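In: Below is the structure, and that's it, no one-letter string:
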């Protein structure tokens with residue numbers, strides 16, 4: 001049920017509200033006044049039932065917690081905990097008096113993200129572009145792709161086979177089945193043989209143990225298929241069978257049982273040959289550096305094939321089409337997409353004028369600025385490792401990270417502007433104090 005709005009006409013006789021206590025020069029205080037909170041109230045109201053069930057938490061509170069989480073690079077648990085300690089967080093969330101308690105359970109953020117979905121998070125992203133004003137309306141932009149890694153361990157066949165065995169035993173216990181053998185002691189011995197496989201004397205022994213573990217996993221899967229009804233755990237058993245049948249050189253392999261949609265992507269990094277997650281396309285304006293597009297791409301497509309989805313999202317969010325886009329050589333082959341000219345680095349034609357060559361060189365020089373932008377998205381705004389589940393989680397994480405960086409950009413501008421005004425004031429005071437002083441002459 002949708003929560004009823006609070007009555008804030010008279011807060012307290014004894015103490016002033018947060019608005020009177022806090023500094024109106026703090027970036028979060030300013031951002032709270034710029035965000036159009038009513039837009040979220042009107043758009044997300046459809047996800048709640050009228051006069052049914054327990055009253056939900058205020059929509060502004062939940063949206064603000066999602067923003068703060070990615071702006072400050074916090075987990076669900078941490079942002080809820082810090083909210084009870086930070087008065088600026090509370091004012092940003094719509095509170096008018098300080099509340100010394102947690103606003104909600106951390107799990108409620110999970111339910112709210114699932115409730116609004118990728119469509120609702122895109123609305124938050126669009127609002128972050130609007131706040132940046134003219135910076136999001138430029139005609140030239142840079143586009144690049146990166147990988148947001150999923151929260152999984154480095155996959156190996158032996159690790160997947162052991163997880164299948166563990167899950168099969170769990171399914172049997174849950175369904176009340178008695179297995180012919182649970183292989184507890186056998187697996188313990190095999191795990192000892194699988195260790196130190198890189199030693200010259202242990203290689204053959206480890207490979208033999210790997211094969212035995214795979215055989216045990218296959219036995220348990222087939223036993224469950226015989227004893228369980230056809231419709232029970234059908235999806236899980238088909239996934240287990242797919243893992244057991246896949247070979248080294250197969251395409252569309254399964255790298256994780258709890259995240260089967262993860263793909264293996266190689267971006268040519270010397271320190272990290274393979275990354276396991278999903279591909280992401282980022283669009284950044286060339287002069288102001290506002291992120292006007294951030295979309296998750298399923299699969300491992302060639303970069304040029306991601307331009308259609310990236311530019312379609314950019315036009316949907318900003319309401320105008322870019323004239324020129326500068327990309328790296330990974331996009332070569334595409335020259336125009338949705339009315340936008342695509343520039344990739346190449347030897348200039350002799351037919352081009354010097355003026356045009358200079359403009360193109362400047363565009364490619366500015367394109368390099370998207371690389372540290374992606375680095376900050378990963379380091380500061382939770383794009384490096386995605387903890388959200390499934391493809392929906394991939395879509396949500398990348399847009400929340402981009403929105404947080406846009407909000408952070410404006411917060412830094414306000415902070416630097418106020419600091420510049422303060423320094424200017426200090427300089428004026430110093431100049432005034434250094435002026436020569438004259439004695440006052442009294443005429444009688």
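Out: Perfect, I can see it now. Everything numeric here is computed off the predicted structure, so don't read it as measured data.

In: For the residue positioned nearest the centre of the chain, identify the helix or strand it belongs to.
Out: Most central in the chain under C-alpha atoms, centre = their mean is residue 397, positioned 2.8 Å from the mean C-alpha point. Secondary structure assigned from DSSP states H and E places residue 397 in helix 390-434.

In: who does that helix touch, helix- and strand-wise?
Out: helix 27-34, helix 59-71, helix 107-131, strand 140-150, strand 275-285, strand 291-297, helix 370-380, strand 385-386 (3 or more C-beta pairs under 8 Å, 6 or more residues apart in numbering; DSSP states H and E). (Each C-beta comes from the backbone N, C-alpha and C, glycine too.)

In: between it and strand 291-297, what angle do the directions make?
Out: 160 degrees (axes from the mean of the first three to the mean of the last three C-alpha atoms, to 10 degrees).

In: who's in contact with the residue nearest to the centre of the chain?
Out: Residues in contact with residue 397 (C-beta atoms under 8 Å, 6 or more residues apart in numbering) are 148, 296, 382-383, 386-388.

In: and it, how far is that from residue 269?
Out: 21 Å (C-beta to C-beta, to the nearest Å).

In: can I see the domain layout of this protein?
Out: 18-105, 132-153+263-409, 157-245 (automatic domain parsing).

In: From one end of the last one to the other, what's the distance?
Out: By C-alpha to C-alpha, to the nearest Å, the extent of domain 157-245 from end to end equals 11 Å.

In: avg pLDDT for it?
Out: Across domain 157-245, the average pLDDT comes to 94.

In: For that domain, what is the distance to the chain centroid?
Out: Distance, stretch centre to chain centre, for domain 157-245: 34 Å (C-alpha atoms, centre = their mean, to the nearest Å).

In: cool, and the longest one?
Out: Counting by C-alpha atoms, centre = their mean, domain 132-153+263-409 is centred 14 Å from the centre of its parent chain.

In: now stretch 62-71
Out: Put simply, stretch 62-71 sits 12 Å off its chain's centre (C-alpha atoms, centre = their mean).

In: give the contact list for residue 315.
Out: 321, 338.

In: which stretch of helix or strand covers it?
Out: Element membership for residue 315 (DSSP H and E) is helix 307-318.

In: tilt between that helix and strand 140-150?
Out: Using the same axes, to 10 degrees: helix 307-318 against strand 140-150 is 110 degrees.

In: Next one: the residue nearest to the centre of the chain from residue 280, what distance?
Out: 9 Å.

In: what pairs with the residue nearest to residue 275 when sequence neighbours are not counted across the strands?
Out: Closest residue in space to residue 275, ignoring its immediate chain neighbours: residue 147 at 4.3 Å, by C-beta to C-beta, 6 or more residues apart in numbering. Beta-bridge partners recorded for residue 147 (DSSP bridges): residue 279.

In: Number of residues surrounding residue 147?
Out: 24 (other C-beta atoms under 10 Å).

In: tell me the contacts of it?
Out: Neighbour list for residue 147: 265, 267, 275, 277-280 [criterion: C-beta under 8 Å, 6+ apart].

In: Averaged over its residues, which helix or strand of this protein has the lowest pLDDT?
Out: Sorting the helices and strands of the chain by mean pLDDT, DSSP states H and E puts helix 390-434 at the bottom, at a mean of 84.

In: Next, the angle strand 275-285 makes with it.
Out: 50 degrees.

In: got the phi/psi numbers for the residue nearest to residue 103 when sequence neighbours are not counted?
Out: Closest residue to residue 103 apart from its sequence neighbours, by C-beta to C-beta, 6+ apart: residue 83 at 5.3 Å. Dihedral pair for residue 83: phi -60, psi -40, per degrees, to the nearest 10.

In: Buried residues, stretch 224-233. List them.
Out: For stretch 224-233, a neighbour-count test (16 or more other C-beta atoms under 10 Å) marks 224, 228, 233 as buried.

In: Ok, stretch 137-155 next?
Out: 138, 140-150, 152, 155.

In: what do you get for stretch 178-192?
Out: By neighbour count with 16+ other C-beta under 10 Å, stretch 178-192 contains the buried residues 182-183, 187, 190.

In: Just the terminal-to-terminal distance for that stretch.
Out: Using C-alpha to C-alpha, one end of stretch 178-192 lies 27 Å from the other.

In: tally of neighbours for residue 213?
Out: Neighbours of residue 213 (other C-beta under 10 Å): 24.

In: Counting by contacts, list what the helix or strand where residue 158 lies packs against.
Out: Using DSSP H and E, the element containing residue 158 is helix 157-175. For helix 157-175, the contact count by 3+ C-beta pairs under 8 Å, 6+ apart identifies helix 184-194, helix 203-227, helix 234-245 as packing neighbours.

In: tell me the angle it makes with helix 184-194.
Out: Going by the same axes, to 10 degrees, helix 157-175 makes 170 degrees with helix 184-194.

In: what angle sits between helix 157-175 and helix 203-227?
Out: Using the same axes, to 10 degrees: helix 157-175 against helix 203-227 is 30 degrees.

In: Now do stretch 77-92: distance from first to last residue.
Out: Termini of stretch 77-92 sit 18 Å apart (C-alpha to C-alpha).

In: Any figure for the gap between the residue nearest to the centre of the chain and residue 383?
Out: For residue 397 relative to residue 383 (C-beta to C-beta), the value is 7 Å.
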